[in-house]
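J.: Got a predicted structure here, sequence first:
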Amino acid sequence: MSYFQAQQITKAYGEKVLFEDLSFSVAPGQKVGLIARNGTGKTTLLNIIAGLDQPDTGSCTYQSDLKRSYLQQEPVFEPSLSISEALLNADNELSRTVKEYEELLQAAETGTDPKLNERLHRLVERMDALQAWDYESRVKQVLTQLKIGRLDARVGELSGGQVKRLALARILIEEADLILLDEPTNHLDLEMIEWLEAYLSRKKLTLLLVTHDRYFLDAVCNEIIELENGKMYNYRGNYSYFLEKKQERMEAEAALADRATNLLRKET
C-alpha cells in the first residue's frame with residue numbers, strides 16, 4: 001500500500017502551467033529523487049504533498065495516520081525557542097511523549113502528586129511502544145554530526161545555515177513515515193554530506209527529495225522521477241541509472257520523430 005498517491009493533479013500560476021494531470025505514488029521503503037529544471041514546480045509539488053498547498057485539479061490521498069515531515073528550503077522556527085525546545089516542539093507523538101516524560105521526571109523530583117507514579121507508569125509503557133529509549137543517543141549523534149552545539153542557545157541567535165541544519169536534525173530525529181527533503185545538502189560541508197548519505201542509505205526510511213547534488217542522489221535514491229515539460233517519467237534505479245535510461249528514451253523519441261517526419265514527406 002502506498003503512503004501517498006497523487007491522481008491527475010494540475011497546478012498553474014496565472015497562465016504558467018507547472019504540471020498537468022500528474023499521477024504517481026510513494027510506497028514504504030522507496031527513496032525517491034525528484035528531478036526537474038529550475039522553475040518547473042519541484043518545490044510546489046513538495047508543498048502539495050506536505051499539505052501546505054493544494055492542486056488546482058486532481059487529488060492527493062494518504063495512508064491513514066501517516067506521519068509526514070518536511071524540510072523546506074527556508075525553515076522557520078519561533079526565534080525565542082532554545083535549540084532543545086525546537087527539537088522537542090515537533091507535532092508528533094514521539095517528540096510529545098519524550099518531552100512529557102522528561103517534564104514528569106522533573107516533577108517527580110519535587111512533586112507530591114499521589115497520581116504521579118501512575119502517570120509515570122503509563123508514560124513508560126508509551127515510551128516502550130514507541131521505542132523511544134534510544135532517543136537521547138540518536139539526538140546526540142545527529143547533533144554532533146551536524147555540528148549543532150549549545151542546546152540552550154536561542155533559535156534567533158542562529159544563522160540561516162544553522163537553522164537549516166537544526167530543521168534537518170529534527171526531521172532525522174523524528175523519523176516520520178514519509179520524509180520530504182528540499183535541498184537537504186544546502187549549508188552542509190563535505191563531511192556532513194557524506195555522513196548524511198550514509199545515514200539515509202542505512203536507515204529504513206521512505207524519502208522524497210529534491211537536490212542538485214548528483215552524487216547525493218546516486219548514493220541515496222533507489223528511484224528517480226523526472227518532471228519535464230509538465231510530464232512525469234519514472235526510473236526504477238539511482239541517478240546513474242536515470243541518466244542511462246533517459247538517454248535511451250530521448251534517442252527513441254528522436255527516432256520516432258524522424259520516422260514521422262519522413263512519413264509526412266512521402267505523403268506530400
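T.: Now that the structure is in, tell me what you want to look at.
J.: buried sites along the lengthiest helix in the chain?
T.: Secondary structure of the chain read by DSSP state H shows that its longest helix is helix 239-267. Neighbour counts over helix 239-267 (16 or more other Cβ atoms under 10 Å) mark 239, 241, 242, 243, 245, 246 as buried. In this view, the C-beta of every residue, glycine as well, is placed from N, C-alpha and C.
J.: nearest to residue 150, of the residues you listed?
T.: The closest of these to residue 150 turns out to be residue 239 (Cβ to Cβ; 36.6 Å).
J.: Now do the helices in the protein.
T.: Using DSSP H, the helices of the chain run over 42-50, 83-88, 93-110, 116-130, 135-145, 160-174, 190-202, 214-220, 239-267.
J.: For the fifth one, buried residues please.
T.: Within helix 135-145, the residues scored as buried using 16+ other Cβ under 10 Å are 135, 139, 141, 142, 143, 145.
J.: Next: the first one.
T.: For helix 42-50, a neighbour-count test (16+ other Cβ under 10 Å) marks 42, 43, 44, 45, 46, 47, 48, 49, 50 as buried.
J.: follow-up on the earlier one: which one of the buried residues of helix 239-267 sits closest to residue 188?
T.: Using Cβ to Cβ, residue 239 comes nearest to residue 188 of the buried residues of helix 239-267, at 18.3 Å.
J.: tell me the domain boundaries of the chain?
T.: Listed domain ranges for the chain are 1-66+206-268, 71-176 (source: automatic domain parsing).
J.: what's near enough to touch residue 231?
T.: 19, 22 (Cβ atoms under 8 Å, 6 or more residues apart in numbering).
J.: Could you give the bridge partners of it?
T.: Under the criterion DSSP bridges, residue 231 forms beta bridges with residue 228.
J.: quick one: residue 116 from residue 103, how far?
T.: Distance of residue 116 to residue 103, computed by Cβ to Cβ, to the nearest Å: 12 Å.
J.: Oops, could you answer that again for residue 76 instead?
T.: 25 Å.
J.: Could you do residue 79 as well?
T.: When distance is defined by Cβ to Cβ, residue 79 is 23 Å away from residue 103.
J.: List the contacts of the worst-scoring helix or strand of the chain on mean pLDDT.
T.: Ranked by mean pLDDT, DSSP states H and E, the weakest helix or strand in the chain is helix 93-110, scoring a mean of 78. Helix 93-110 is contacted by residues 67, 87-89, 113, 116, 119-120, 123-124, 126-127, 130, 132, 135, 173-175 when judged by Cβ under 8 Å, 6+ apart.
J.: and residue 70, what is it in contact with?
T.: Per Cβ under 8 Å, 6+ apart, neighbours of residue 70: 46, 50, 52, 171, 179, 180, 182.
J.: Could you give the bridge partners of it?
T.: Beta-bridge pairing of residue 70 under DSSP bridges involves residue 180.
J.: Look at residue 76 and residue 103 and report which has more neighbours.
T.: Set residue 76 next to residue 103 and count neighbours by other Cβ atoms under 10 Å: residue 103 wins out with 12 against 9.
J.: Return the distance of the residue most central in space within the chain relative to residue 49.
T.: Geometric centre of the chain, nearest residue: residue 180, 1.6 Å, by Cα atoms, centre = their mean. Residue 180 is 6 Å from residue 49, where distance means Cβ to Cβ.
J.: Now list whatever residues contact both of the two.
T.: With Cβ under 8 Å, 6+ apart as the test, residue 180 and residue 49 both reach 68, 208.
J.: Would you agree the residue nearest to the centre of the chain is in contact with residue 47?
T.: No: applying Cβ atoms under 8 Å as the test, residue 180 and residue 47 come out as separate, 9.1 Å apart.
J.: Closest one to residue 24 out of the contacts of residue 70, please.
T.: Among the contacts of residue 70, and counting by Cβ to Cβ, the member closest to residue 24 is residue 46, at 12.9 Å.
J.: who touches the closest one in this structure?
T.: Applying Cβ under 8 Å, 6+ apart, we find residue 46 in contact with 34, 70, 180, 182, 208, 210.
J.: Okay then, goodbye and thanks.
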